[in-house]
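Enquirer: Quick one, fold the following:
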Amino acid sequence: MDKKAQTATEYLIILAVVIIIALIVVGVMGGIPGIGAGAAGRASASYWRTSDLAIPQYTAFTSSEDLNITIRNNLVNSITLNTVTVGADTLTCTPSSLGTGQTSKCFHDTAGSVCSASGATFSFEVSISYADDETGATYTFTGDGHKLEGTCAD
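Expert: Numbering: from 1, shown residues only. Predicted coordinates:
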């Protein structure tokens with residue numbers, strides 16, 4: 001009789017461990033709203049920090065209603081930025097000509113279209129049109145479908 005109780009207890013413990021692991025995986029993958037929300041923002045930031053036209057820093061504010069991003073040229077040739085669009089907004093960037101490794105500050109007053117409250121999340125498609133200074137060819141970089149995601153600040 002003692003063996004049956006021990007087997008049942010072991011079974012329940014193993015079942016509890018499996019359920020806990022499943023809940024952790026679902027939370028990390030974003031299956032439960034609010035639990036995995038930070039994972040998407042971290043994945044987005046990681047992608048945009050290392051892409052050909054990187055966005056190593058970006059912030060959306062609720063109080064000033066601004067969207068500020070920094071673009072870094074990770075390409076071999078120098079480029080000239082033509083248009084930078086985040087969501088429906090076209091940003092102004094200075095300087096527009098970037099050598100390899102150089103950065104440009106881009107901003108736009110979005111009039112409240114980005115953040116409704118501090119701590120709210122945003123997710124925007126990015127499109128960067130630029131010209132290769134060496135060849136004169138024009139390209140559009142969209143981040144291979146990766147959106148710019150983050151949390152609104154005050």
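
Enquirer: Quick check: the gap between residue 123 and residue 152.
Expert: Distance of residue 123 to residue 152, computed by Cβ to Cβ, to the nearest Å: 11 Å. The way it works is simple: take the backbone N, C-alpha and C, and place the C-beta from them, glycine included.

Enquirer: which of these two has more neighbours?
Expert: A direct count of neighbours by other Cβ atoms under 10 Å for residue 123 and residue 152 places residue 152 higher, at 19 against 12.

Enquirer: Double-check that one against residue 61; I have them as touching.
Expert: Yes - taking Cβ atoms under 8 Å as the definition, residue 152 is a contact partner of residue 61 at 7.1 Å.

Enquirer: and the helix ranked longest in the chain, what other elements does it pack with?
Expert: When the chain is parsed with DSSP state H, its longest helix is helix 2-29. The contact analysis (3 or more Cβ pairs under 8 Å, 6 or more residues apart in numbering; DSSP states H and E) places helix 2-29 against no helix or strand.

Enquirer: where exactly do the strands run in this structure?
Expert: 53-60, 66-73, 79-86, 89-94, 97-98, 103-109, 121-124, 126-132, 138-141, 148-151 (DSSP state E).

Enquirer: Any chance you could list what contacts the first one?
Expert: This means strand 53-60. Contacts to strand 53-60, defined as Cβ atoms under 8 Å, 6 or more residues apart in numbering, come from residues 48-49, 66-75, 79, 103, 110, 114-115, 122, 126, 128, 130, 141, 148, 150, 152-153.

Enquirer: Can you say which of these are buried?
Expert: 48, 66-67, 69-73, 75, 79, 103, 110, 114-115, 122, 126, 128, 130, 141, 148, 150, 152 (16 or more other Cβ atoms under 10 Å).
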